[in-house]
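[1] sequence and predicted structure, then a few things I'm wondering about:
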Amino acid sequence: MSDRKQFYVTTPIYYVNERPHLGHAYTTVAADAFARYWRKVLGDENVFFLTGTDEHGAKVAAAAEKAGRAPQQFTDEVAAQYVETWQLLNISYDTFFRTTDPRHRKVVQDLLQKIYDAGLIYKGTYKGTYCIGCEKYLSPEEIVDGHCVLHPTTQLVEQEEENYFFKLSELAPRVLDALERGEYRVIPEGRRAEIVGKMQSGIEDISISRQGVTWGIPVPWDESHTTYVWVDALINYYSATQFEDSLNRFWPADLHIMAKDILWFHALIWEALLMAAGLPLPETVLAHGFFTVDGQKMSKSIGNVIDPVQMVEEYGADSFRYLLLTAFAFGNDGDLSLARFREKYNADLANGIGNLVSRVANLAEKAELEGSAGSMPQAFSPDVASAMESFKPDEALRAIWEIVAELDRSIHDEEPWKLRGEELREALSRYIVKLGEVAVNVGPFMPALSQAIEAVFFSGPIRKPDPLFLRK
RNA sequence: CGCGGGGAAGUGUACCGGUUGCAUGUGAGCCCCAUAAGCUCAAGGUAGUGGGUUCGAUCCCCACCCCCGCAACCA
């Protein structure tokens, strides 16, 4: 089915100026499902799952100051919140990467030096309209009647800054060529077309250093500049494989997952940097969609923010993971709503798999069946495997729930409660095999459920357990 | 201005050039092992509007209307 020997999957590293929110959780849960899937197929030691935090930049420094903390202390605190959230969500990352890791600094500097030595970085000036209120250069859309939309009373200044520029314009055609030759790919197809279109529309060089920002990695040949945070951040994917010899083999990455808003960085700029440094390109760059909540963009002012930690408290990690991944097709945009979460929780989890487990366990307990007799299947079902290998976790889950529905139908048709003796045992063991199938297949998505099913039906005497998912 | 996504049963959503599928919700019946759970059947969509291509379009093309997002130094 696949000739992979190893699998390296990443999430973006999240910017620490805000707490983990639903968007971060969505990306990370998906990445976790892929990581867990491939671990089962290839063995734990052949999968590397990376996530982490992006901790440099002016905004972080400002946020730290506002919180009355030194930057490092501040980022330590926020990074800890991410670690905590991922623990709650049962995220099985192998490394939690932080860009303030001193080992990362060296990798970034070496890589930049290489690109510099290759003649692909030059000194120039960045010129723009600067808003002191925002502390950044404004894009034309942010300027209305000569004033910043957020700070209409602040005087804007035309400002120039000396920056180092990366010759993206020179690299872009080569990157496009690599994309078209299939040296790396961008999915879904619609996103790829978008990226190709942008690449063809004329690319400008980008500045990759800042003079005024001290909270960052110094440019190796000119310590008065720090590395632009995006460059610093992207390099993490490579950097994480360079800290230990045992991890070297994971580069290049097999799958970078991110939301579509940062695809540009991952589908062009990252490849350009790698090419410039003479490094191999990642295999797949996968952008998933955005979601709205009850039809609107999630925002604090609208008050429709869904907090992942609260969701875990209410539904449990497994359920929340399920609800996120089945809400809409992975890659598309979609809509989430608390009302629908509840509906789906009751229908698919409580009435579906939860009830089915009780149903079969009860019959088995009465029949005094031994679970140790059967054994769990070890491989994924073909349709689950093909869904996962074409990056469609939602389809994989749908296939699994088809097993659940089928089993409910079989039980109804065969009326095992009327059977006795060998007939009953035969029927029950077929049901248990099916549940074993569910357990194996659902593992990447709902690890606790998978273990619970295994514990009930595949070890010792079968006892009817407490409900796995209580109706809400 | 530009780019992209979307408008389909009460709600949400999938695939697809050839009597729309699924889920949820609703109604009726069945079963009674199970978490008032399960099974079956039924009702419910002229697929935003108007054109075009085609033997045939929800699907391809054009225009328009509406919603949403992105718009590159923002991480």
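    All right, it came through fine. For clarity, every value in this text was computed on a predicted model and none was experimentally measured. Residues are numbered from 1 along each chain as shown, chains lettered A, B, ... in the order given.
[2] below-threshold pLDDT in chain A: ranges please.
    By pLDDT under 70, the weakly predicted segments of chain A are A:1-2, A:128-157, A:159, A:295-304, A:370-374.
[3] quick check: the residue of it nearest RNA strand B.
    Proximity of chain A to RNA strand B (C-beta to the nearest atom of the strand) peaks at A:Gly354, 1.9 Å away. Bear in mind the C-beta positions are built from the backbone N, C-alpha and C, glycine included.
[4] just checking, next helix/strand downstream of the helix or strand where A:Leu324 lies?
    In the assignment (DSSP states H and E), A:Leu324 maps to helix A:317-326. Counting by DSSP H and E, the element after helix A:317-326 in chain order, helix or strand, is strand A:334-336.
[5] excluding sequence neighbours, find me the nearest residue to A:Met446.
    A:Asp318 (3.9 Å; C-beta to C-beta, 6 or more residues apart in numbering).
[6] so what's the one you found up against?
    A:Asn90, A:Phe445, A:Met446, A:Pro447, A:Ala448, A:Leu449 (C-beta atoms under 8 Å, 6 or more residues apart in numbering).
[7] and if we set it to 6 Å?
    Applying C-beta atoms under 6 Å, 6 or more residues apart in numbering to A:Asp318 gives the contacts A:Met446, A:Ala448, A:Leu449.
[8] now do the helices in the stretch 301-450 of chain A.
    Under the criterion DSSP state H, counting those that start in this stretch, helices of the stretch 301-450 of chain A are mapped to A:308-315, A:317-326, A:338-344, A:355-366, A:382-389, A:393-414, A:421-442, A:447-457.
[9] just to revisit the earlier point, take the contacts of A:Asp318 and lay them out in CSV including neighbour count.
    Shown next, in CSV, are these (neighbours: other C-beta atoms under 10 Å):
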residue, neighbour count
A:Met446, 30
A:Ala448, 16
A:Leu449, 24
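[10] among those, which are in reach of RNA strand B?
    Applying C-beta under 7 Å from any atom of the strand to these, one finds that nothing falls near RNA strand B.
[11] how far does stretch A:14-25 sit from the chain's center?
    11 Å (C-alpha atoms, centre = their mean, to the nearest Å).
[12] buried residues in stretch A:53-64, which are they?
    A:Thr53, A:Asp54, A:Glu55, A:His56, A:Gly57, A:Ala58, A:Lys59, A:Val60, A:Ala61, A:Ala63, A:Ala64 (16 or more other C-beta atoms under 10 Å).
[13] same deal with stretch A:102-114?
    In stretch A:102-114, counting by 16+ other C-beta under 10 Å, buried: A:His104, A:Arg105, A:Val107, A:Val108, A:Gln109, A:Leu111, A:Leu112, A:Lys114.
[14] now the fifth one: closest residue in space, sequence neighbours ignored.
    Looking back up the chat, that one is A:Gln109. A:Pro220 (4.2 Å).
[15] next, count neighbours for the residue of chain A closest to RNA strand B.
    23 (other C-beta atoms under 10 Å).
[16] ok, it touching A:Lys472?
    No: A:Gly354 is not in contact with A:Lys472 according to C-beta atoms under 6 Å; the separation is 11.4 Å.
[17] looking at this, A:Glu158 is in a strand?
    Yes: assigned with DSSP: H, G, I helix; E, B strand; the rest coil, A:Glu158 falls within a strand.
[18] run through the bridge partners of it.
    The residues listed as beta-bridge partners of A:Glu158 by DSSP bridges are A:Thr129.
[19] report how many residues lie close to it.
    By other C-beta under 10 Å, neighbour count at A:Glu158 equals 8.
[20] circling back: which of the helices of the stretch 301-450 of chain A is buried the deepest?
    helix A:317-326 (a mean of 24; mean count of other C-beta atoms under 10 Å).
[21] how about the contacts made by the residue of chain A closest to RNA strand B?
    A:Pro467, A:Leu468, A:Phe469.
[22] and it, how far from A:Ala455?
    Per C-beta to C-beta, to the nearest Å, A:Gly354 is found 15 Å from A:Ala455.
[23] and A:Arg342, by the same measure?
    For A:Arg342, the distance to A:Ala455 - C-beta to C-beta - is 27 Å.
[24] what's the answer for A:Asp76, then?
    Counting by C-beta to C-beta - A:Asp76 and A:Ala455 are separated by 38 Å.
[25] same thing with A:Arg463?
    10 Å.
[26] domain map for chain A?
    Domains of chain A are assigned by automatic domain parsing as A:7-120+A:167-289, A:317-327+A:338-457.
[27] measure the longest one end to end?
    So the one you mean is domain A:7-120+A:167-289. 23 Å (C-alpha to C-alpha, to the nearest Å).
[28] what do you get for the shortest one?
    Taking C-alpha to C-alpha as the measure, domain A:317-327+A:338-457 stretches 22 Å from start to finish.
[29] by contact count, what packs against the helix or strand containing A:Ile13?
    A:Ile13 is part of strand A:7-15, with elements assigned from DSSP H and E. For strand A:7-15, the elements it packs on are helix A:22-42, strand A:47-54, strand A:255-259, judged by 3 or more C-beta pairs under 6 Å, 6 or more residues apart in numbering; DSSP states H and E.
[30] tell me the most buried of the ones you listed?
    strand A:47-54 (a mean of 25).
[31] quick one: strands adjacent to that strand?
    Partners of strand A:47-54 in its sheet, by DSSP bridges: strand A:7-15 (parallel), strand A:95-98 (parallel).
[32] quick one, which of the ones you listed is nearest to A:Ala233?
    Ranking these by proximity to A:Ala233 (C-beta to C-beta) places strand A:7-15 first, at 5.8 Å.
[33] what lies in contact with the closest one?
    A:24, A:27-28, A:31, A:34-35, A:38, A:47-54, A:97, A:233, A:236-237, A:250, A:253-258.
[34] okay then, goodbye and thanks.
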